[in-house]
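**Student:** Sequence and predicted model, in that order:
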Amino acid sequence: MRIVVGAALVREGRVLAARRTRPASAAGRWELPGGAVESGEDEAAALARELREELALADVAVGDRVGPEVTLSEGRVLRIRACRADGEPTALEHDALRWVGPDDLDDLDWLDADRAVLPALAALLDGGRGRGAT
């Protein structure tokens, strides 16, 4: 099983969403930033690396899992982790970034895998824990 990690990067009760540019089937849809865990990495290290590569965030704290594990294609699973980071994210691999509050989560055209964790994400943001990694 190959693990893909996504970041519920939370700041001031909002989560960062990133709009995909590729592949064509996903272009224009929103996701939580992240990527595959590479050989020798744990989930936290992979997520910190991905946020450096995708968002130019150097100081990332990775916290607890958020929501269910989501089965993807080709023997992969998606695991979302609560995160916090200092500094402003820069879209290096996406064409747009947006901070989204719990009442606006359903307004975005999320990738299906990310949509599966929206209820847990809304609970995280509504639960007063929306300040970042726990």
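**Tutor:** Nice, I can see it.

**Student:** Which parts of the helix or strand harbouring residue 64 count as buried, going by neighbours?
**Tutor:** Residue 64 is part of strand 60-71 when elements are defined by DSSP states H and E. Residues 60, 62-63, 66-67, 70 are the ones in strand 60-71 that count as buried (16 or more other C-beta atoms under 10 Å). C-beta: built from backbone N, CA, C; applies to glycine.

**Student:** got it, and stretch 2-15?
**Tutor:** Across stretch 2-15, burial judged by 16+ other C-beta under 10 Å covers 3-11, 13-15.

**Student:** Can you pick out the most distant pair from the residues you listed?
**Tutor:** Across those, the longest distance by C-beta to C-beta is 28.0 Å; it joins 3 and 13.

**Student:** Name the single longest helix found in this structure.
**Tutor:** If you go by DSSP state H, the chain has its longest helix at helix 43-55.

**Student:** how far does that one sit from the chain's center?
**Tutor:** Averaging C-alpha positions (C-alpha atoms, centre = their mean, to the nearest Å) puts helix 43-55 10 Å from its chain's average.

**Student:** who touches the nearest residue to residue 35 once chain neighbours are set aside in this structure?
**Tutor:** In space, and not counting its chain neighbours, residue 35 is closest to residue 50: 4.2 Å by C-beta to C-beta, 6 or more residues apart in numbering. Shown in contact with residue 50 (C-beta atoms under 8 Å, 6 or more residues apart in numbering): 5, 7, 33-35.
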